[in-house]
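Student: starting from these lines, generate the structure:
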Amino acid sequence: MRHFPISKHGLGYIGVPLFLSLLSFAFSEYLAFFFIFLTILVTYFFRDPKRLVPDNDSLVLSPADGVVTSVEVVDSPLGDGTRLNRVSVFLNVLNVHVNRSPVTGVVKSVKYKPGEFLNALKEESVARNEMIRTVFLSQYGNYTLITEQLAGLIAKRAVCDLQPGDEVKVGSRMGMIKFGSRVNTYFPLDVKPLVVKGQPVSAGQTLFAYLDPKLSEGSQDFKYDKI
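Tutor: Numbers count the residues shown, from 1 in each chain. Below is the predicted model of the structure:
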């Protein structure tokens, strides 16, 4: 199936400056070229390139492009009293904004939480900002994993295309955060994080953890799918 390299969530944003650029030619070439430049810029923001994704159901992969801002142990956001690993990734406006599933499995729940638009780098943003929280049950080992797509100062809208009951493949598209912000990924304490603070990551490509304890970093030659 042919893949369109622009996210469907950006088509409306792209259409406005494109229409204005065409309309502006009747009045001013300079104004028209400004809107053409703006169209190119917005199109770049909503690009959705294919990725070479490792085909292994025991992997936890980054759900977002960006930089790891923290790797820590925190209370579960589900309020069940458990402690979980949390990897936080901050996306700037130049990153690819499309988010991908961190794991192969089934979507257990998708919940939108209204809130504020604080700087997503601040810890208080996790509790106070608008977000979409998605809970996955992994195919390998029946682990519970959680992602949080947080809105922020610039990114005012998170989108999740998944529904409860959906079966997902690790690295498959799950939604996006428009114009950047933050994605948190939670997984059990007995699953060791393989990334560190300050590390650049790519959605669907950077390895966060192995669910299979028999695997170790670099020990497997994975097959890859371009998706």
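Student: low-confidence stretches in the protein?
Tutor: 1-4, 154-156, 180, 216-220 (pLDDT under 70).
Student: so for it, the centremost residue is which one?
Tutor: In the chain, the residue lying closest to the centroid (CA atoms, centre = their mean) is residue 99, at 2.7 Å.
Student: quick one, what contacts it?
Tutor: Contact analysis of residue 99 by CB atoms under 8 Å, 6 or more residues apart in numbering lists 63, 64, 147, 149, 160, 173, 174, 175, 176, 177, 183, 203. In short, each C-beta sits where N, CA and C put it, glycine included.
Student: in three-state terms, label it for me.
Tutor: Following DSSP: H, G, I helix; E, B strand; the rest coil, we place residue 99 in the strand state.
Student: any idea how far residue 118 is from it?
Tutor: Using CB to CB, to the nearest Å, residue 99 is found at 20 Å from residue 118.
Student: just residue 161 next, same as before
Tutor: 25 Å.
Student: which one of those two has more residues nearby?
Tutor: residue 118 (19 against 14; other CB atoms under 10 Å).
Student: only the buried residues of the helix ranked longest in the chain, if you could.
Tutor: In the chain, with assignment by DSSP state H, the single longest helix is helix 29-45. Using 16 or more other CB atoms under 10 Å as the test for burial, helix 29-45 gives 32, 35, 36, 38, 39, 42, 43, 45.
Student: burial measure for the closest residue to the third one other than its chain neighbours, as a count.
Tutor: Using CB to CB, 6 or more residues apart in numbering and skipping the chain neighbours, the partner closest in space to residue 36 is residue 21 (4.6 Å). Neighbour count of residue 21, defined by other CB under 10 Å: 19.
Student: just say helix, strand or coil for residue 21.
Tutor: helix.
Student: rewinding a little: which one of the buried residues of helix 29-45 is nearest to residue 221?
Tutor: residue 45 (35.3 Å; CB to CB).
Student: pull the contacting residues for that closest one.
Tutor: So residue 45 contacts 10, 13, 93, 97, 179 (CB under 8 Å, 6+ apart).
Student: what helix or strand is the second one on?
Tutor: Yep, that's residue 13 we're talking about. helix 11-24 (DSSP states H and E).
Student: next one: the third one
Tutor: Per DSSP H and E, residue 93 falls between elements, in no helix or strand.
Student: distance of it relative to residue 169?
Tutor: Taking CB to CB, one finds residue 93 at 28 Å from residue 169.
Student: break the protein down into its structural domains.
Tutor: Domain segmentation of the chain under automatic domain parsing yields 8-45, 52-208.
Student: tell me which of the ones you listed lies nearest to residue 227.
Tutor: Judging those by CB to CB, what sits closest to residue 227 is domain 52-208, at 5.5 Å.
Student: quick one: that closest one to chain centroid distance?
Tutor: Chain-centre distance of domain 52-208: 6 Å, with CA atoms, centre = their mean, to the nearest Å.
Student: how long is it end to end?
Tutor: 16 Å (CA to CA, to the nearest Å).
Student: do stretch 177-196 as well
Tutor: With CA to CA, one end of stretch 177-196 sits 23 Å from the other.
Student: then stretch 167-184?
Tutor: By CA to CA, one end of stretch 167-184 lies 21 Å from the other end.
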